[in-house]
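*Asks:* Predicted model, plus sequence, below.
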Amino acid sequence: MRYQIRHAIVKYAADLILEDVNFEIHDTEKIAVIGRNGCGKTTLLKLITGEIEMSNLDSDEECGITRAGEQRIGYLRQISFEDSNITAENEILKVFEPIFVCEQRMHEISELLQVQSDSKLLSEYAKLQSQMEALRGYSYRKDMETMFQKFGFRLDDLHKPMGTFSGGQQTKIAFIKLLLSRPDIMLLDEPTNHMDLVGKEALEKMLKVYTGTILFVSHDRYFIREVATGILNFEANQVKYYPVGYDEFLEKKGEVSRANDIKHEKTQKNEKQNLADKESKKQEPTLSDVFDKKTYYNPGKILSRLKQQLTKYEKMLQESEDRLAELQLQQMNPEIASNYEKLTELSLAIEQEERTQESILERMMETEDELFQLQNES
């Protein structure tokens with residue numbers, strides 16, 4: 001067990017953001033955090049990083065966070081780079097600062113040993129060599145170049161200033177830095193947003209073989225299906241963990257839904273029987289009868305309508321992604337670098353487009369859930 005949260009409550013002013021959250025994160029797990037917008041998913045990530053604290057620390061109930069030793073946590077949040085003039089190579093090389101510190105000390109010790117032999121220095125040098133191996137200090141440049149190319153870049157792109165890359169490309173560079181830092185627990189908030197197909201495929205492959213633990217918030221059902229080994233679902237007034245992949249999670253949800261349907265059908269059957277006892281002649285279906293799906297609805301038509309709706313959402317998402325890419329391109333135009341009014345306008349438009357995509361992705365997931373349940377029933 002890497003990480004455990006017990007009875008977590010998070011409040012903001014008078015609002016209850018998280019209520020009695022309990023779950024554990026184990027080695028090598030890849031957990032997708034899903035649920036409607038505004039339910040507290042990002043708040044949970046910030047709780048794990050320590051950016052925010054629980055609101056029930058003074059409670060008599062046993063609550064808190066338990067970590068298995070020192071855990072290095074990597075959190076990819078909204079992308080922002082301090083220096084737009086720095087090259088991609090130098091930006092990525094920041095990840096390897098511990099290696100450079102180690103190299104520098106090894107060089108200093110080597111020079112000292114040329115003058116005198118010292119057992120303490122020799123011992124320190126041996127430890128630094130082991131540390132370099134653990135940090136992959138002898139292959140860091142090859143690791144960087146290999147990963148850079150896997151995300152669809154050319155090697156000569158390493159020498160370009162960060163400001164020349166699009167928003168999507170900068171997102172990929174941020175992922176490259178995070179993956180190369182190899183944290184014990186990786187936290188990702190909507191990792192596939194603004195990512196092109198090459199980037200999504202590269203990220204998916206790398207996360208699937210990643211040996212650390214991953215917790216990611218996403219509405220991308222395909223990405224969840226390919227990567228997740230567990231689902232943390234924000235539903236109703238609780239957070240429930242399912243130690244299964246996405247398809248099995250949908251099946252389990254379908255079982256719950258089916259149990260509710262059976263209960264509903266029994267209720268409807270009793271109501272209809274009571275109605276039959278009171279009236280001898282056939283009547284038009286009541287409102288309760290209409291909601292007896294098994295009797296009155298046409299599964300084929302509903303199935304077709306859901307598929308059409310899913311196709312419509314996919315088209316809407318693609319159109320939104322195209323608009324977002326165009327807005328981000330305009331934002332990087334050097335001709336408007338000092339035009340505060342225009343930059344503000346573009347920034348607001350980008351934020352709105354991002355919210356639009358989140359809404360579309362959420363509706364796509366809901367539609368897919370309904371489609372999955374209906375296909376299982378038919």
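*Replies:* Right, received. Where do you want to start?

*Asks:* Tell me which stretches of this structure form strands.
*Replies:* Here the chain has its strands, by DSSP state E, at 3-12, 15-25, 30-34, 64-67, 73-76, 185-189, 213-217, 230-235, 238-242.

*Asks:* So for the third one, what gets flagged as buried?
*Replies:* Looking back up the chat, that one is strand 30-34. Neighbour-count burial for strand 30-34 flags Lys30, Ile31, Ala32, Val33, Ile34 (criterion: 16 or more other C-beta atoms under 10 Å). Where you see a C-beta, it was placed from the backbone N, CA and C, and this is true even at glycine.

*Asks:* Just the closest of those to Leu155, please.
*Replies:* Lys30 (29.8 Å; C-beta to C-beta).

*Asks:* What's the separation between Glu251 and Ile34?
*Replies:* According to C-beta to C-beta, to the nearest Å, Glu251 stands 15 Å off from Ile34.

*Asks:* related to what we said a few turns ago, would you point out the most distant pair within the buried residues of strand 30-34?
*Replies:* Maximum distance among the buried residues of strand 30-34 (C-beta to C-beta): 13.2 Å, for Lys30 and Ile34.

*Asks:* circling back: using a markdown table, lay out the buried residues of strand 30-34 together with distance to Tyr242 and pLDDT.
*Replies:* Below are the buried residues of strand 30-34 laid out as a markdown table (distance: C-beta to C-beta, whole Å; pLDDT from 0 to 100):
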| residue | distance to Tyr242 | pLDDT |
| --- | --- | --- |
| Lys30 | 13 | 92 |
| Ile31 | 10 | 92 |
| Ala32 | 10 | 92 |
| Val33 | 12 | 89 |
| Ile34 | 10 | 87 |
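
*Asks:* Closest one of the residues you listed to Glu108?
*Replies:* Closest to Glu108, out of all of the buried residues of strand 30-34 and judged by C-beta to C-beta, is Lys30, at 41.2 Å.

*Asks:* wouldn't that closest one be in contact with Gly230 here?
*Replies:* Yes. At 7.1 Å, Lys30 counts as touching Gly230 under the criterion of C-beta atoms under 8 Å.

*Asks:* which neighbours do the two share?
*Replies:* By C-beta atoms under 8 Å, 6 or more residues apart in numbering, Lys30 and Gly230 have no common neighbours.

*Asks:* any idea how far Pro191 lies from Ser117?
*Replies:* Pro191 is 52 Å from Ser117, by C-beta to C-beta.

*Asks:* which of these two has more neighbours?
*Replies:* Set side by side, Pro191 and Ser117 show more neighbours around Pro191, with 26 against 9, by other C-beta atoms under 10 Å.

*Asks:* Can you pull the phi/psi pair for the more buried one?
*Replies:* The phi/psi pair for Pro191 (degrees, to the nearest 10) reads phi -70, psi -30.

*Asks:* Then the one 3 residues further on?
*Replies:* Dihedral angles of His194 (phi, psi; degrees, to the nearest 10) stand at phi 70, psi 10.

*Asks:* Could you report the neighbour count for Arg219?
*Replies:* One thing to correct before we go on: residue 219 is His, not Arg. His219 has 25 nearby residues by other C-beta under 10 Å.

*Asks:* Could I have the CA atoms of stretch 99-109 written out in CSV?
*Replies:* Coordinates of each C-alpha in stretch 99-109 appear next as CSV, following Å, rounded to 0.1, in the frame of the first residue of the first chain:
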residue,chain,number,x,y,z
ILE,A,99,22.0,13.8,-11.8
PHE,A,100,24.0,17.0,-12.6
VAL,A,101,24.6,17.6,-8.8
CYS,A,102,25.8,14.0,-8.5
GLU,A,103,28.1,14.4,-11.5
GLN,A,104,29.6,17.6,-10.2
ARG,A,105,30.4,16.0,-6.9
MET,A,106,31.9,12.9,-8.5
HIS,A,107,34.1,15.3,-10.6
GLU,A,108,35.3,17.1,-7.5
ILE,A,109,36.1,13.9,-5.7
